[in-house]
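J.: Build me a structure from this.
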Amino acid sequence: MRQVVASLLVLFSSVCHASMVWSGVAVDPKLIGQLKSDEKFLVKTILTSPKENSVDLDKAWHGIHFLLTGSAEPNGSLASKVIMGGEDIGPHLGYGPAQLLTVQEVRDIAKLLQTETPDKLAARYEPAALARAGIYPDVIWEREKQAALDYVIKYYKDLITFYSNAAAKGYAVVFALH
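T.: Below is the predicted model:
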C-alpha cells in the first residue's frame with residue numbers, strides 16, 4: 001500500500017510542473033471517511049475528478065487569497081478558508097497535505113463569493129501591494145499590471161462557479177496546493 005501511495009505521489013508531483021498551483025474537487029460527503037483513511041483514494045480523487053466537479057486555479061490562487069483577505073497568510077476568516085482553510089487530510093502533496101472543507105463551510109463560502117464580486121476584487125488590486133506582500137508569483141504584479149489582474153479575475157470567476165456548484169449539490173470540497 002505504501003508503495004502505491006508513493007508511486008501516486010511521484011505521479012502527482014510530476015504533473016505539477018514544479019510550480020505552485022491550487023486544485024479543488026467537490027466531493028460527495030459520503031466519501032469523506034474514505035478520503036481521510038485511504039491516501040491512495042484521496043490522491044486519485046484529486047488527480048482524476050471529473051471537470052464538472054473540479055477547478056484548477058493555476059498560479060492565481062495567492063492573488064485571489066490576498067484580494068479576498070488583504071493578507072498573504074491564512075487569517076482565520078471565512079474568506080481565508082476559500083484558498084487556505086480546512087482540515088489537513090492525507091499525505092504531503094508538495095506544499096502540505098490536502099485540505100477538507102465541510103458541506104457547511106462550502107455553503108458559507110459560496111454565499112461569501114456571491115457578495116465578493118470580481119469588481120470588488122479588482123477595486124482592491126494594487127500591484128505594488130501584492131509585490132510587497134510577496135504574493136506568488138511575485139514577479140508578475142508590477143510587471144504585468146492589468147494583465148496580471150485579468151489573469152486573477154478569470155480564475156476567480158471559475159472559483160465562484162466551482163463553490164456555487166459544490167454548494168448546490170451539497171458537496172464538501174478537498175483542495176491541494178501542489
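J.: ok, and what's touching the helix or strand containing residue 142?
T.: Applying DSSP states H and E as the criterion places residue 142 in helix 140-144. Under the contact criterion Cβ atoms under 8 Å, 6 or more residues apart in numbering, helix 140-144 has outside partners 63, 127, 128, 130, 131, 135, 148, 151. To be clear about C-beta, it is placed using only N, CA and C from the backbone, and glycine gets the same treatment.
J.: List only those of those flagged as buried.
T.: With burial judged by 16 or more other Cβ atoms under 10 Å, the buried subset of the contacts of helix 140-144 is 63, 127, 130, 135, 148, 151.
J.: Quick check: closest non-adjacent residue to the second one.
T.: Read that as residue 127. residue 141 (4.2 Å; Cβ to Cβ, 6 or more residues apart in numbering).
J.: can you pull the pLDDT of the one you found?
T.: pLDDT recorded at residue 141 is 98.
J.: ok, now the one 4 residues further on?
T.: With respect to pLDDT, residue 145 has a value of 97.
J.: all helices in this structure, in order from the N-terminus.
T.: With DSSP state H as the definition, the chain shows helices at residue ranges 2-15, 32-37, 39-48, 61-69, 78-84, 103-115, 118-123, 127-132, 140-144, 146-169.
J.: for the third one, which positions count as buried?
T.: Spelled out, that is helix 39-48. Neighbour-count burial for helix 39-48, counted by 16+ other Cβ under 10 Å, picks out 39, 40, 41, 42, 43, 45, 46, 47.
J.: And for the shortest one?
T.: Residues of helix 140-144 classed as buried: 140, 141 (neighbour count, 16+ other Cβ under 10 Å).
J.: Okay, the residue nearest to residue 127 and residue 94: tell me how far apart.
T.: Taking Cβ to Cβ, to the nearest Å as the measure, residue 141 falls 23 Å from residue 94.
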